[in-house]
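A.B. asks: Pasting a predicted model and its sequence here:
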Amino acid sequence: MTPNIAPPQLVKEAQEAHELFCGSWSAIKTNTLELGRAVVWMEEKALYKYVRKEGSRKGYLSLEDYALAQSGGELNHTKLYDAKRIYLLTQGENAIPAETVAQMSKRNQLQLARVPAKKRTKKLVEQARSESVLTFRETAQDVVNEDLAPEKRKHPMVDVVLRGIHARVAREFYQLMDDVKDLAIVKDGDFDINIESKALMAIVTSARSWCQDIINQAKAKAQRESPEIPETVNEAAQTHSDQAEDALETVTYSAPDAGQRIGLAEAEGRVVNRKPEARN
């Protein structure tokens, strides 16, 4: 079976778009760290007091006032101190290299900042870099819980919102949730996870047991049919050129000698030779 090779012009264009995306994203991450450094610098020495307000000979009374004025109102208290917490990951005990922090999603950066510095192991840092936001939220909370008494330990909670769902379907879903809550397998007396979470897990488990094979088949089919992406644009062009040449090659089939077969047929009287008829 001929492999499905991605067209070279799309590979080239995809690479250009990819570089633009990664460069822009990297700049955003780096700027967050730089902003955090500026926030710490301004805060430590109260430098905002020595920056003149527009139209005044006086400086700003607080870091928040300064940040709001300089950002047009976009940099509020939460964003300001989020940047500070992210920057502080690169400082002090168990400091993490800035380039490593920049590879994490912002939410994972903030979850990692909740973990005491002495517990930010290499493994945890790698998890912050590689795990999804929801997964690492649970990972980080498990580490925080290690130092808490059992009654004070928390579990990550997420608000699940169904957007743009037909009203009738939404009613059916919530009715199903209410029905599943009454099942004995859900009302098991375990209060470590709330009943809503257990009901939803029961629904998810049932759905997967019903259609997981179909899902796996669909994923496998999509994987088989997805184009192979060569390492370089030149490699893609060469592959397409080779495939074009293969398509033009003449395929020769071995066949008996035609003259020999006709002679044999005439000898056996199976062929009647007719003179060509005159045509007007």
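C.D. replies: The structure has been received and is ready for your questions.

A.B. asks: going forward, measure contacts and count neighbours with C-alpha atoms only.
C.D. replies: Will do.

A.B. asks: could you pull out the helices for the stretch 1-150 of the chain?
C.D. replies: Remark: helices assigned in the stretch 1-150 of the chain by DSSP state H, counting those that start in this stretch are 8-44, 63-70, 77-88, 98-101, 106-114, 122-130, 133-145.

A.B. asks: Pass me the low-pLDDT residue ranges in the stretch 101-250 of the chain, would you?
C.D. replies: 157-161, 232-250 (pLDDT under 70).

A.B. asks: hmm, back to that, in JSON lines, list the helices of the stretch 1-150 of the chain along with mean neighbour count and distance to Asp213.
C.D. replies: Listed next are the helices of the stretch 1-150 of the chain as JSON lines, based on neighbours: other C-alpha atoms under 10 Å; distance: least, C-alpha to C-alpha, whole Å:
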{"stretch": "helix 8-44", "mean neighbour count": "15", "distance to Asp213": "33"}
{"stretch": "helix 63-70", "mean neighbour count": "17", "distance to Asp213": "54"}
{"stretch": "helix 77-88", "mean neighbour count": "19", "distance to Asp213": "42"}
{"stretch": "helix 98-101", "mean neighbour count": "17", "distance to Asp213": "38"}
{"stretch": "helix 106-114", "mean neighbour count": "21", "distance to Asp213": "33"}
{"stretch": "helix 122-130", "mean neighbour count": "17", "distance to Asp213": "27"}
{"stretch": "helix 133-145", "mean neighbour count": "17", "distance to Asp213": "24"}
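
A.B. asks: Export these as TSV, with columns for distance to Lys181.
C.D. replies: Below are the helices of the stretch 1-150 of the chain laid out as TSV (distance: least, C-alpha to C-alpha, whole Å):
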stretch	distance to Lys181
helix 8-44	43
helix 63-70	47
helix 77-88	37
helix 98-101	42
helix 106-114	31
helix 122-130	34
helix 133-145	24
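
A.B. asks: residue contacts, Asp82?
C.D. replies: Asp82 makes contact with Gly36, Leu110 under the criterion C-alpha atoms under 8 Å, 6 or more residues apart in numbering.

A.B. asks: OK, contacts around Lys118?
C.D. replies: Contacts of Lys118 (C-alpha under 8 Å, 6+ apart): Glu93, Asn94.

A.B. asks: so which of the helices of the stretch 1-150 of the chain comes closest to Tyr174?
C.D. replies: Nearest to Tyr174 among the helices of the stretch 1-150 of the chain is helix 133-145 (23.2 Å), distances taken as C-alpha to C-alpha.

A.B. asks: Other residues contacting the closest one?
C.D. replies: The contact list for helix 133-145, computed with C-alpha under 8 Å, 6+ apart, reads 105, 107-108, 111-112, 114-116, 119, 124, 127-128, 153-156.

A.B. asks: I'd like to check the angle between it and helix 122-130, please.
C.D. replies: Relative orientation of helix 133-145 versus helix 122-130 (axes from the mean of the first three to the mean of the last three C-alpha atoms, to 10 degrees): 150 degrees.
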